[in-house]
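Enquirer: A predicted structure for the sequence below; I have some questions about it.
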Amino acid sequence: MFDKRNIRIYYLKTLERIRSFLLSRNSREFLIFLFFVFVSFCFWLLQVLNDDYETEFSIPLRLKNVPSDVVLTSELPDELRIGVKDRGTVLANYMLGQTFYPIVVDFKDYEDKGSRVRIPVSALMKKISVQLNQTTKLLTIRPDTVEFIYTKGKAKKVPVKLQGKVALDRQYYISDIIYSPDSVMVYAPQEILDTITAAYTQALNFEDVADTIRRRVNLADVRGAKFIPSFDDVTLLVDIYAEKSVEVPIRGINFPPDKVLRTFPSKVQVTFQVGLSHFKSITSEDFFIGVTYESLLNNKGEKCPGSNLKSIPRYVNHVRLNPKEVDYLIEQRIKFND
């Protein structure tokens, strides 16, 4: 272990070695060499920086004095990219020393220009030029079109709709889609507002889905419009198919009071696929098979179709009927006089 005395001795010896090296002939020659290298580099750098160069800088862009009753549906970009040309020394000063102040656009200056306001490039160039050296040439401004869109109190409520592709595993299906909220407010100028009928989510793509999916999804942008809120919680309820059969009677439609329809058989077997969550709740009363009196009068065959499904439940798919045709009779009702 080092004590204080040993540390002091080691420190003094190190200083002596450094002093001896600096006072030696070889070290003096080496230091002189480094000095001339440094001087040469400085002359080279000054010569290089004296040439003209082109480069780009970013300048923040801000909008001020926006009234409280105004909703910006398309805002200004956060910054402008400017292309400039000047001597290297001036450009180096921009990079290392000078800070560009934000370009401020006053809403009051454009309030009477309509709901879509385009800032003239000449106005932006004027604001930028005051921050540049007199020798600096302003070459380009990007984006070349700077605008904002606003509305005052013009809004409506539109439903949220899913956009995208969902590929399900075999025997699975989407039993329901739940949106929270199911509708959002959209703000826009009247001419844009009239074209919007729904708020679509950003595209969702899922593969081999076999279970319920819950996602918070941003709404797709519409230029000139603003959705509040700008996102939605979407739940895709996934269920598995099961097959079920029920017997449904065939009913006559628009028959005269003195006529009655008889079919043989009187019921048709309806086979369908339904999700397990709704399997028990689906009954024969959820289906309606009907044949109109007029269609039977115009029927030239001996059988009537038994596949005239007039009503099926929402969660039912791949419906099959057996038999597809049935024998029938139109009977006269007999009234007995008292």
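Expert: Yep, it's here.
Enquirer: which is the next helix or strand following the strand of greatest length in the chain?
Expert: Longest strand in the chain by number of residues (criterion: DSSP state E): strand 231-253. For strand 231-253, the succeeding helix or strand toward the C-terminus, using DSSP states H and E, is strand 259-264.
Enquirer: any idea which helix or strand comes after that next one?
Expert: Under the assignment DSSP H and E, the closest C-terminal helix or strand after strand 259-264 is strand 267-275.
Enquirer: does Cys304 touch Leu329 like I think?
Expert: No - with contact defined as CB atoms under 8 Å, Cys304 does not reach Leu329; the gap is 10.0 Å. All C-beta spots, glycine's among them, are computed from the backbone N, C-alpha and C.
Enquirer: quick one on the thing from earlier: tell me which strands the longest strand of the chain pairs with, and in which orientation.
Expert: strand 172-180 (antiparallel), strand 213-218 (antiparallel), strand 267-275 (antiparallel), strand 288-292 (parallel) (DSSP bridges).
Enquirer: buried ones in it?
Expert: 232, 234, 236-241, 244, 246, 248, 250, 252 (16 or more other CB atoms under 10 Å).
Enquirer: where along the stretch 101-250 of the chain do the helices fall?
Expert: Counting by DSSP state H, counting those that start in this stretch, the stretch 101-250 of the chain has these helices, from start to end: 121-129, 190-193.
Enquirer: who touches the residue nearest the centre of the chain in this structure?
Expert: Most central in the chain under CA atoms, centre = their mean is Gln202, positioned 3.1 Å from the mean C-alpha point. Gln202 is in contact with 163-164, 217-220, counting by CB atoms under 8 Å, 6 or more residues apart in numbering.
Enquirer: thinking again about what came up before, now mean neighbour count, distance to Glu325 and mean pLDDT too, for the helices of the stretch 101-250 of the chain, in JSON lines please.
Expert: Shown next, in JSON lines, are the helices of the stretch 101-250 of the chain (neighbours: other CB atoms under 10 Å; distance: least, CB to CB, whole Å; pLDDT from 0 to 100):
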{"stretch": "helix 121-129", "mean neighbour count": "14", "distance to Glu325": "75", "mean pLDDT": "89"}
{"stretch": "helix 190-193", "mean neighbour count": "14", "distance to Glu325": "53", "mean pLDDT": "87"}
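Enquirer: which of the ones you listed sits closest to Leu96?
Expert: Closest approach to Leu96 among the helices of the stretch 101-250 of the chain (CB to CB): helix 121-129, 19.5 Å.
Enquirer: counting by contacts, list what the closest one packs against.
Expert: strand 79-87, strand 103-106, strand 137-142 (3 or more CB pairs under 8 Å, 6 or more residues apart in numbering; DSSP states H and E).
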